[in-house]
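Asker: model this:
(one chain, ligands or ions: 3)
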Amino acid sequence: MELVLEAKDWIYKGEGAVNLVLSYTGTSPNLMGKVLRVQKVKRKESEYEKALSKHEYLVWKETGGGDVFLSASTKDIANHIYVQQVMCPLLGSQHIDAGVRVEVTREFLESIHNAVLFQRPCWRAENARVNTQSHSAILMSDHSIFPHGGVHEQQQQLCIAVEIKPKCGFLPISRFIREENAAKKRISRFKLHQILKFHQRKISQISEYDPLDMFSASKERVLKSVKDLFLTPQNNFRVFLNGSLVFGSLGGGAEDTDTRIAQAFEDTLKDVIQADEGMRTPNFLQLVAEAVSESGVMDRLLQVQKLDVFDVEGAIHAYYDVVSQPCVVCRDLGEAKLLNRYESLHSLRIDESLKIVRDFLISATAKDLSLMISFRASGKGNLASPYDVVFLESINQSFDYKASFIDLDMKPLERMAYYYKLDQEIVGCYSRMMETVNRPGKSSLVQLETTYCDQSAAIEDTSSA
Ligand SMILES: O=P(O)(O)O[C@@H]1[C@@H](OP(=O)(O)O)[C@H](OP(=O)(O)O)[C@H](O)[C@H](OP(=O)(O)O)[C@H]1OP(=O)(O)O
Ligand SMILES: Nc1ncnc2c1ncn2[C@@H]1O[C@H](COP(=O)(O)OP(=O)(O)OP(=O)(O)O)[C@@H](O)[C@H]1O
Ligand SMILES: [Zn+2]
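Answerer: Numbers count the residues shown, from 1 in each chain. Ligands and ions are numbered 1, 2, ... in the order given. As a prediction, this is how the structure comes out:
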């Protein structure tokens, strides 16, 4: 069936670093309840990579059964195959809609580019624009509305959905992590990265959110993590009511939650959560935590993230062997005892190196994806519901819910070098900060490692050190 897409029917829904997402507002039954994910291109990139590189093909050809990537003439096609054949089996097809690739014209993309420009966060628009050279986009279910919730159904029944970008939920234990980087084994990557982002003024406050709580399987800690996300949503937490954003930021990082934002959200929940004023938000956050815990999705996601067994400090050596280049990391390390340690990686067979890199990249997808959970009030004792149900005892309300993963894109192989550099920058920033706070005369700040209190003073010190 040929789909004719008209730009006037699509409105801005959000965006990440590489894709811009639109929701459908027209009346075609085939498109209602769908979003369109169109690719962006970085303004600085002179040419857009059209197909998998020779080395990328080597990495992925062993996956998916048969040589499915051989037929992928473009990166879009390879990416779609990756979602279907690699990520779906790992994360569970019930939680993934890989969507369908639909053809788009240059005129359509140009109209979209112009129509949404002023709704996009400025920094996103400066970094990248809609890729008008692209020939296809992905049409998929809108996970911010309840499945099969057509316009009429939505009008009758409210749907509330959360989007959580949980990030990496485990501490690495790889023996390839150098001693001076041991903080990585004690503090989550998200927490460490917060310090660098704060130092670089990308965020105004360090979040209390810790993915280790979200992935902990302890109901109390999961609830704590959801509350922390609510207070500092950044680009990790959003809420949609009937598909429209009601909390968090469209397309980027949100400001910290102040009393005004919190009150507006409390008001928004009036028709969804049957609780007294002031108690709706706590009950809603409880609902989210219960669904996260009961669905088991985080556990499944964690297993995929844990495919990264070597950490980037190990995988980077396998990468240089895969791309047949001299290892830049070994060249720069210079110390004999370290070189011996990494020699074991450089002595692996090529299929073993390919597997290390492949697993690392799959894990990178799993560390960056988002989870959307949509809820609708379920009828009392509705045993026939095909959806999972969560019952909130405190307000005596039941909700059907559905959990879906979004943003399952393949990470480019050549990004491995950047991953290593960023990792060293993150842990380096933390180490410099700790040196500063542990310096004699700064003893009042020593507790910062565990509490992050007085963080701003300490980081200011680091930057001027
Ligand atoms: O490296 P990270 O952990 O900062 O993750 C990047 C994300 O940053 P953040 O979650 O804000 O820290 C980053 O998110 P933002 O652009 O900051 O919203 C992207 O998701 C990026 O992936 P890609 O360029 O879309 O393939 C992400 O890059 P990958 O590491 O997933 O390649
Ligand atoms: N299927 C969907 N249903 C509803 N909303 C969606 C869907 N897919 C994406 N979105 C919205 O669009 C936003 C951007 O989409 P997405 O995360 O796929 O972009 P990206 O550029 O790949 O992100 P990233 O920077 O994390 O790589 C999401 O944060 C979400 O709010
Ligand atoms: Zn090496």
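
Asker: spit out the contact partners of the nearest residue to S28 once chain neighbours are set aside.
Answerer: Nearest residue to S28, sequence neighbours excluded (CB to CB, 6 or more residues apart in numbering): D9, at 7.8 Å. Any C-beta I mention is one placed from the backbone N, CA and C, and that applies to glycine too. Residues near D9 by CB atoms under 8 Å, 6 or more residues apart in numbering: Y24, T25, G26, S28, L31.

Asker: dump the residue contacts of the third one.
Answerer: Taking CB under 8 Å, 6+ apart as the definition of contact, the neighbours of G26 are E6, K8, D9, M32.

Asker: ok, now the last one?
Answerer: Taking CB under 8 Å, 6+ apart as the criterion, L31 is in contact with L3, D9, Y24, L139.

Asker: could I have the buried ones of those residues as PyMOL selection syntax?
Answerer: Selection of buried members from the contacts of L31 for PyMOL, criterion 16 or more other CB atoms under 10 Å:
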select buried, resi 24+139
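
Asker: mind checking how far the closest residue to ligand 2 within the stretch 1-150 of the chain is from M140?
Answerer: With CB to the nearest ligand atom as the measure, G16 is the residue of the stretch 1-150 of the chain nearest to ligand 2, at 1.8 Å. Noted for G16: a distance of 14 Å to M140, by CB to CB, to the nearest Å.

Asker: circling back: can I get the contacts of D9 in CSV with pLDDT, secondary structure and distance to ligand 1?
Answerer: Shown next, in CSV, are the contacts of D9 (pLDDT from 0 to 100; DSSP: H, G, I helix; E, B strand; the rest coil; distance: CB to the nearest ligand atom, whole Å):
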residue, pLDDT, secondary structure, distance to ligand 1
Y24, 94, strand, 23
T25, 92, coil, 25
G26, 92, coil, 28
S28, 91, coil, 30
L31, 92, coil, 25
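
Asker: possible to save those as JSON lines with distance to P147?
Answerer: Below are those laid out as JSON lines (distance: CB to CB, whole Å):
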{"residue": "Y24", "distance to P147": "15"}
{"residue": "T25", "distance to P147": "19"}
{"residue": "G26", "distance to P147": "19"}
{"residue": "S28", "distance to P147": "18"}
{"residue": "L31", "distance to P147": "15"}
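
Asker: in those residues, find the pair that's most separated.
Answerer: The largest separation in the contacts of D9, counting by CB to CB, is between T25 and S28 at 10.6 Å.

Asker: not counting sequence-adjacent ones, nearest residue to S136?
Answerer: Counting by CB to CB, 6+ apart, R101 is the residue found nearest to S136 once chain neighbours are left out, at 4.6 Å.

Asker: right, and the one you found touches A137 too?
Answerer: Yes. Using CB atoms under 8 Å, R101 is in contact with A137, at 7.4 Å.

Asker: more neighbours: those two, which one.
Answerer: With neighbours defined as other CB atoms under 10 Å, R101 and A137 compare such that A137 has more, 28 against 16.

Asker: quick check: closest non-adjacent residue to that one.
Answerer: Closest to A137 by CB to CB, 6+ apart is V38, at 4.4 Å.

Asker: who does that neighbour bridge with?
Answerer: L20 (DSSP bridges).

Asker: and it, how many neighbours?
Answerer: 23.

Asker: for it, what are its contacts?
Answerer: N19, L20, V21, L22, V104, L109, I112, V130, N131, S134, A137.

Asker: give me that answer again for 6 Å
Answerer: The contact partners of V38, taken as CB atoms under 6 Å, 6 or more residues apart in numbering, are L20, V130, A137.

Asker: any chance of a markdown table for those residues, columns pLDDT and distance to S73?
Answerer: Output for the contacts of V38, formatted as a markdown table (pLDDT from 0 to 100; distance: CB to CB, whole Å):
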| residue | pLDDT | distance to S73 |
| --- | --- | --- |
| L20 | 96 | 23 |
| V130 | 94 | 22 |
| A137 | 94 | 17 |
